[in-house]
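A.B. asks: after the sequence you'll find the predicted model.
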There are 2 protein chains.
Amino acid sequence: MAPKTDIEIARDAQKLPIGEVAATLGIPWEDLIPYGHDKAKLSADYIAGLKDRPRGKLILVTAVNPTPAGEGKTTTTVGLGDGLRAIGKKATVCIREASLGPCFGLKGGAAGGGHAQVVPMEEMNLHFTGDFHAITSAHNLLAAMIDNHIHWDNALDIDPRRVTWRRVMDMNDRALRQVVTSLGGPANGTPRESGFDITVASEVMAILCLATDLADLQRRLGDIIIGYRRDRTPVHARDLQADGAMTVLLQQAMQPNLVQTLENTPAFVHGGPFANIAHGCNSVIATDTALRLSDYVVTEAGFGADLGAEKFMNIKCRKAGLAPDAVVIVATVRALKMNGGVAKADLGGENVAAVTSGCANLARHIENVKKFGVPVIVGINHFVTDTEAELSAVQAFCRQFGVEAVVNHHWARGSAGITGMAEKVVALAEGGARNFSPIYPDDMSLFDKMDTVAREIYRADGVVADERVRAQLRAWEEAGHRSLPVCMAKTPYSFTADPTRGGAPTGFTIPVREVRLSAGAGFVVAICGDIMTMPGLPRQPAAERIRLDADGNIEGLF
Amino acid sequence: MAPKTDIEIARDAQKLPIGEVAATLGIPWEDLIPYGHDKAKLSADYIAGLKDRPRGKLILVTAVNPTPAGEGKTTTTVGLGDGLRAIGKKATVCIREASLGPCFGLKGGAAGGGHAQVVPMEEMNLHFTGDFHAITSAHNLLAAMIDNHIHWDNALDIDPRRVTWRRVMDMNDRALRQVVTSLGGPANGTPRESGFDITVASEVMAILCLATDLADLQRRLGDIIIGYRRDRTPVHARDLQADGAMTVLLQQAMQPNLVQTLENTPAFVHGGPFANIAHGCNSVIATDTALRLSDYVVTEAGFGADLGAEKFMNIKCRKAGLAPDAVVIVATVRALKMNGGVAKADLGGENVAAVTSGCANLARHIENVKKFGVPVIVGINHFVTDTEAELSAVQAFCRQFGVEAVVNHHWARGSAGITGMAEKVVALAEGGARNFSPIYPDDMSLFDKMDTVAREIYRADGVVADERVRAQLRAWEEAGHRSLPVCMAKTPYSFTADPTRGGAPTGFTIPVREVRLSAGAGFVVAICGDIMTMPGLPRQPAAERIRLDADGNIEGLF
């Protein structure tokens, strides 16, 4: 019999009614806002009532640089949550919501895999509780108000050539990347060049994921810079009186979503900011709420540790007053082989030398994470093709760095395959070794912050930027934005800006081509290379295969 | 003390948990998909199980031509539902969902008013259960797949100049009416002119509201014509293999939403197609489901009876095998005065002559509705400024046509203000006078159908159209679309195509400037004058005043 697919496993899940899942955390039914029988939001009032409770331990799951071989970061996050439950800890999982666009493009599935999944999987990959639609609406309301303001009398003197606020859609649609709007005569407004990003790239998404409550949300929305006047002074969303209505549109989306794993561990699935032009983490409000309801919260950060964990700690933790009690770096033998220079087609067969060579990538991530003052452990996500010699090589390598590497089997066996790791994570988190600190202080200059990340994390010889970029940074510092953290938008596939250079390269610089101020989210984005904020569909989009079967089950989404 | 506003009344509502509302109709909890504690969808399985049950009586609420004075059609629909409950009938209400766009433009409030409202009012005017967002996604997925197909190799030979499928957004945004997409070079596709409509104007919305089940939905989505090849043959959504994924996106949206009135009468709020380029009624699946669960279903149609009731009967009833057992035509003294030529500023003070003059408009609607073979009653929505003489004039006038006109006070008093009307509606509906028939047969030519509506309903001397329009209609007839009904897109403010001509004009023709084939929805749209499929925001958008107050209540939405 063929092994079950992810979706077959998910459909066999013995889900509990969401009220029972909530009850394991002590959340009363009346404080839930149910969405169907297996999803719920937590009421804002309930969350406000938790604020004096102590926080549990926070475990961050990150990974080596991603490769086409796959690493299983979400799968490990979910599996570790189940594993902690299995050894008696009150554990929860905090992951991001999935974007609709990619589901109809290449693939869906942002809910883990195998026997370590969050359910209901189909809905999580479709509309879920509507949060992303709310973000789309709030973002586009601001856009409509900008063009409307210019159309009527432009009392704010917005320069139509310098409107930086684009529109968004939760869709992969390359045709919308660059458009001219307001054609067709005066009744349709002032023509200008603009475009659409995918919703997860919206600053509103980043704001929702960093805001601590509705008041903070509204303040941040008001701080958004939508463009500039002819005298180059910024125009804010607040100047257009858009912040109130945007907050109203986001009121429900701000409430974290509760679902469950296949083993009924509570999972908060909330927010999904891009991990390049934004910080790529589960929302602050969900993580914080989970911490006040649990002994252990397992969460993940986007891409590899150079991008995701760096932003988790330098942006999310700094802003939210959080700190991980332990960090799990996920690796697979296959991904290490690819980082060691093996092509995907050649992954079959034992190759200890390639694994060892690829461990250089892992080693650098271990060192980097340690720089934040947090204990580290490596989780090897076991694949059936891995050999004992390959697994032992990784473990031996990690021991050189004083770090344990545990082979986990949660994909195949659920919590039973990861309880050993769970015990070790508890020992680490409770060992008192945490001495967290971001790697740059608030009062460092913006350029030096970028340079620090490039040198300390990427191991570059530094950042290279035009005088134009440097002058822009200085101007923002003078305008009061010096204390912001930086959000590095760089390829996730390499420590360098060149996606083809795996392993642990040295002797390179990081070119910062452009900088963008996300004044509402509260960071300065450094664009290092091409970044795509609106994907396209492939030649054969997944959408062509997605349909309902005769029983009303969804086919082709995964 | 000032009288309470609509929103204050709504917030004081003694709502029942939605499971209890459903229980009054015999719907078990497990067949509900709750959205919060006061909204739920009915499961598709449960609906399928109702199909052999008998249908209750269907009451249609329509109105005189709308004026700025307001008529209160939704308010009467809700009030009559409550009134029927109050006299012991198992009644439900079926109304349309509200569009987000207008809420941030001029006003919200598509949920009735005074003491005849559906709740939760705020959510109904915001994201509600996400149906419109799902429609937006499904519509725009098809758009993305079209441009993607042309980008890769255009195997279907779609003529980029003849793509008729636009994009949609649930927003008032004039800047998107006419745009050029795919600028920026080959990676962004093939540049072409296009634009956005508001979501309620989407053919997907019309399809969702006419589809009887998911299979019918998918068939109709596949039938959508997205544009034409160079040889002018149509390209369908099915040719792009988009119909399956669109159906998946709409699976939950197809399930009707259950909420309640202020008096806990069950209300199905589902669908919201534009009443000009679409048919403007609550969904067939919601109306049909309600009929199988109730003795009485009260529903409404868009605009005045010339547009809304005509389409309700010639399109929705024809396609769904429905027929109203009685029709209520709503009028107000103020609206009749305006139809009688009085300006809004001059509405104060008794003016029996103007009322009587305006009754010509009401008379024509009465005659028109009777042509469909259905019993008619007039409901006068009482305003505090109405005088006895004015009210009596309307009643006396209606008696000439053998029709009763009842003065209702549901706005001020809820069901207690409309029980008399409810008794009369029951008598009419159970009187056996119904002999329903659409006013044109399926096999009439498309042009003659338009001409029939113009002559019989508008009392025009006929339809005028270019040979180009006539040739297009003949071509569609030859392509197999002759049997479709026609959907007249005309100003709602007059029987003519001129919005300034109230009353009951004669001696005019109806110019059909353009025709459009909605092959998926199953009708041919006749555009008679300017129609706006993407509204703009006003100089001072309502959004500027919408915000949360200190208690988290929404201000300014209504």
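C.D. replies: Yep, that arrived. Numbers count the residues shown, from 1 in each chain, chains lettered A, B, ... in the order given.
A.B. asks: from chain B, how far out is residue A:115?
C.D. replies: To chain B, residue A:115 is 25 Å away according to CB to the nearest CB, to the nearest Å. C-betas here are computed from N, CA, C, even on glycine.
A.B. asks: quick one: contacts of the helix or strand where residue A:8 lies?
C.D. replies: With secondary structure defined by DSSP states H and E, residue A:8 is part of helix A:6-11. Residues from elsewhere that reach helix A:6-11 (CB atoms under 8 Å, 6 or more residues apart in numbering or on different chains): A:109, A:111, A:113-115, A:117, A:119-122, A:262, A:553, A:557-558.
A.B. asks: and if you look at stretch A:112-119?
C.D. replies: For stretch A:112-119, the external contacting residues (CB under 8 Å, 6+ apart) are A:6, A:9-10, A:13, A:15, A:38, A:72, A:74-79, A:82, A:93, A:95, A:111, A:124, A:259-262, A:267, A:269, A:410-414, A:417-418.
A.B. asks: just the buried residues from those, in ChimeraX please.
C.D. replies: Here is the ChimeraX command that selects only those of the contacts of stretch A:112-119 that count as buried (16 or more other CB atoms under 10 Å in any protein chain shown):
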select /A:6,9,10,13,15,38,72,74,75,76,77,78,79,82,93,95,111,124,259,260,261,262,267,269,410,411,413,414,417,418
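A.B. asks: now the helix or strand hosting residue A:141: buried residues?
C.D. replies: Here residue A:141 is covered by helix A:131-152, with elements defined by DSSP H and E. By neighbour count with 16+ other CB under 10 Å, helix A:131-152 contains the buried residues A:131-151.
A.B. asks: okay, now the domains of chain A?
C.D. replies: Annotated domains of chain A cover A:6-129+A:253-429, A:131-250, A:446-528 [automatic domain parsing].
A.B. asks: of all those, which one is nearest residue A:539?
C.D. replies: Closest to residue A:539 of the domains of chain A, according to CB to CB: domain A:6-129+A:253-429, at 10.7 Å.
A.B. asks: between the two ends of that closest one, how far is it?
C.D. replies: 31 Å (CA to CA, to the nearest Å).
A.B. asks: who's in contact with the spatially closest residue to residue A:429 that is not a sequence neighbour?
C.D. replies: Counting by CB to CB, 6 or more residues apart in numbering or on different chains, residue A:429 lies nearest to residue A:325, which is 3.8 Å off, once chain neighbours are set aside. Residue A:325 is in contact with A:57-59, A:374-375, A:428-430, A:434, counting by CB under 8 Å, 6+ apart.
A.B. asks: what does residue A:207 give?
C.D. replies: A:217, A:220-221, A:224, A:520-521.
A.B. asks: where does it sit, in terms of helix or strand?
C.D. replies: helix A:203-210.
A.B. asks: now that helix: how far from the chain's centre is it?
C.D. replies: Counting by CA atoms, centre = their mean, to the nearest Å, helix A:203-210 is centred 11 Å from the centre of its parent chain.
A.B. asks: relative to helix A:131-152, how tilted is that helix?
C.D. replies: 130 degrees (axes from the mean of the first three to the mean of the last three CA atoms, to 10 degrees).
A.B. asks: following helix A:203-210, which helix or strand shows up next?
C.D. replies: Following helix A:203-210 in sequence order, the next helix or strand is helix A:214-223 (DSSP H and E).
A.B. asks: picking up where we left off before, which of the contacts of residue A:325 tops the neighbour count?
C.D. replies: residue A:59 (28 neighbours; other CB atoms under 10 Å in any protein chain shown).
A.B. asks: in contact with the closest residue to residue A:240 other than its chain neighbours, which residues?
C.D. replies: Once flanking residues are discounted, residue A:240 sits nearest to residue A:145: 5.0 Å by CB to CB, 6+ apart. Residue A:145 is in contact with A:240, A:242, B:537, B:541, B:543-544, counting by CB under 8 Å, 6+ apart.
A.B. asks: tally of neighbours for residue A:51?
C.D. replies: Residues near residue A:51, counting by other CB under 10 Å: 11.
A.B. asks: is the closest residue to it other than its chain neighbours in a helix, a strand, or coil?
C.D. replies: Using CB to CB, 6+ apart and skipping the chain neighbours, the partner closest in space to residue A:51 is residue A:292 (7.6 Å). Three-state assignment for residue A:292 (DSSP: H, G, I helix; E, B strand; the rest coil): helix.
A.B. asks: next one: residue A:292 from residue A:196, what distance?
C.D. replies: Here the criterion is CB to CB, to the nearest Å. By it, residue A:292 lies 37 Å from residue A:196.
A.B. asks: between the two, which is the more surrounded one?
C.D. replies: residue A:196 (25 against 18).
A.B. asks: my guess is residue A:57 contacts residue A:431. True?
C.D. replies: No. Under the criterion of CB atoms under 8 Å, residue A:57 is not in contact with residue A:431, lying 11.0 Å apart.
A.B. asks: who touches both of those two?
C.D. replies: Common neighbours of residue A:57 and residue A:431 (CB under 8 Å, 6+ apart) do not exist.
A.B. asks: mind exporting stretch A:538-558 as CSV, just the C-alpha atoms?
C.D. replies: This file holds the C-alpha atoms of stretch A:538-558, laid out as CSV (Å, rounded to 0.1, in the frame of the first residue of the first chain):
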residue,chain,number,x,y,z
PRO,A,538,3.9,29.2,-13.7
ARG,A,539,3.2,27.8,-17.2
GLN,A,540,0.9,25.2,-15.7
PRO,A,541,-0.6,26.8,-12.7
ALA,A,542,-1.8,24.5,-9.9
ALA,A,543,-5.2,26.1,-10.3
GLU,A,544,-5.7,24.0,-13.4
ARG,A,545,-5.7,20.9,-11.3
ILE,A,546,-7.6,22.2,-8.3
ARG,A,547,-11.3,21.1,-8.2
LEU,A,548,-13.9,19.4,-6.0
ASP,A,549,-14.3,15.7,-6.3
ALA,A,550,-17.7,14.0,-6.4
ASP,A,551,-17.8,14.0,-2.6
GLY,A,552,-17.1,17.7,-2.3
ASN,A,553,-13.4,17.1,-1.2
ILE,A,554,-10.8,19.5,-2.6
GLU,A,555,-8.4,17.9,-5.1
GLY,A,556,-5.1,19.3,-6.3
LEU,A,557,-4.6,22.0,-3.7
PHE,A,558,-1.5,20.4,-2.1
